[in-house]
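Visitor: sequence and predicted structure, then a few things I'm wondering about:
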There are 2 protein chains.
Amino acid sequence: MSGVPELLVLRLLSQREMYGYELVRAIRLTSRDEISLAEGVVYPVLHALEAQGALRSKEKETNGRKRIYYGITAKGKRRLGALHEEWQRLSSGIDAVFGGAGHA
Amino acid sequence: MSGVPELLVLRLLSQREMYGYELVRAIRLTSRDEISLAEGVVYPVLHALEAQGALRSKEKETNGRKRIYYGITAKGKRRLGALHEEWQRLSSGIDAVFGGAGHA
DNA sequence: ATTGCATACTTAGTGTAACTAGGTATACTA
DNA sequence: TAGTATACCTAGTTACACTAAGTATGCAAT
């Protein structure tokens, strides 16, 4: 029903390349602390998405520290679109059940 | 991450008593067809919630047909409140990641 | 009569996503 | 040299949601 971690990872990487550890913080920060995903959640998602061809990674060396940057592919963008749409369906469905007096 | 079926069941039953089969349709209808949960999803949720004391059931006979009506308990209302809050956190978190220029 | 459909409820079994909890290794700071 | 922040990794568990199948009744059509 959810797919939230995948959605967030794809969304953030569609804006700029990031490495895993950075992503973990970015999720917390951009969601205004509403969502906090542990490294143990984020890394497996990255690996799975790369295996599916939705992401591409490249290793970079920054002041003696190895980082693996991930960028989104065309396939990943399509996946993001589909997931986002699915999320909106779910979200507006729930809003309708609660709000009642919803839009349109 | 989700708990959506549970949330919807509790919400609808907080408005009026219903039986399982009726709930299945109510979810589809009130969500404007955005969400459709099969009986095989709804019934187990009802059983689990009743076992936890969040719902109370009573059998009724309507024109020769047996129906099991479920009503929400005080405990169920608390559970609903918590789940709803959780949902709003998640939802506004995702909105923030997407919207960017969000409220407050 | 009986075939079929809508109603109404049930549950075993499956799949998988999310998470916990642990681990490795490097750099910097006290 | 001890501790903390950075950076990555994964085995294993759990919790759900879901599929698919089944039972049983009432009613309508043929």
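Guide: That came in fine, so what should we check first?
Visitor: and chain A, which residues reach DNA strand C?
Guide: A:2-6, A:37-41, A:44-45, A:48, A:63-65 (C-beta under 7 Å from any atom of the strand). Backbone N, C-alpha and C define where each C-beta goes, glycine included.
Visitor: keep only those of those that are in helices.
Guide: A:4, A:5, A:6, A:39, A:40, A:41, A:44, A:45, A:48 (DSSP state H).
Visitor: burial of the fourth one, as a residue count?
Guide: This means residue A:39. 11 (other C-beta atoms under 10 Å in any protein chain shown).
Visitor: wait, residue A:89 sits on residue B:34?
Guide: Yes. Under the criterion of C-beta atoms under 8 Å, residue A:89 makes contact with residue B:34 at 4.8 Å.
Visitor: neighbour count for these two, which is higher?
Guide: It is residue B:34, of residue A:89 and residue B:34, that has more neighbours when counted by other C-beta under 10 Å, with 18 against 15.
Visitor: please name the residues that touch the more buried one.
Guide: A:89, A:90, A:92, A:93, A:96 (C-beta atoms under 8 Å, 6 or more residues apart in numbering or on different chains).
Visitor: now that we have the residues you listed, which of them are buried?
Guide: A:90, A:92, A:93, A:96 (16 or more other C-beta atoms under 10 Å in any protein chain shown).
Visitor: is the helix or strand hosting the third one positioned near DNA strand D?
Guide: When secondary structure is defined by DSSP states H and E, residue A:93 falls within helix A:74-99. No. Under the criterion of C-beta under 7 Å from any atom of the strand, helix A:74-99 makes no contact with DNA strand D; the nearest approach is 9.2 Å.
Visitor: and that helix, which residues are buried?
Guide: A:76, A:79-80, A:83-84, A:87, A:90-98.
Visitor: one step back: just give me the closest of the buried ones among the contacts of residue B:34 to residue A:10.
Guide: Closest to residue A:10 out of the buried ones among the contacts of residue B:34 is residue A:90 (16.4 Å), distances taken as C-beta to C-beta.
Visitor: contact residues of chain A facing chain B?
Guide: Chain A comes close to chain B at residues A:1-2, A:4-5, A:7-8, A:11-12, A:27, A:30-32, A:34-35, A:84, A:87, A:89-94, A:96-98, A:100, A:102, as judged by C-beta under 8 Å from any C-beta of the partner chain.
Visitor: one more time with 10 Å, if that's ok
Guide: A:1-5, A:7-8, A:11-12, A:15, A:26-37, A:41, A:84, A:87-98, A:100, A:102, A:104 (C-beta under 10 Å from any C-beta of the partner chain).
Visitor: ok so, going back, against which helices or strands is the helix holding residue A:93 packed?
Guide: Secondary-structure packing of helix A:74-99 (3 or more C-beta pairs under 10 Å, 6 or more residues apart in numbering or on different chains; DSSP states H and E): helix A:4-15, helix A:39-51, strand A:55-62, strand A:65-72, helix B:4-15, helix B:20-30, helix B:74-99.
Visitor: all good on my end, thank you.
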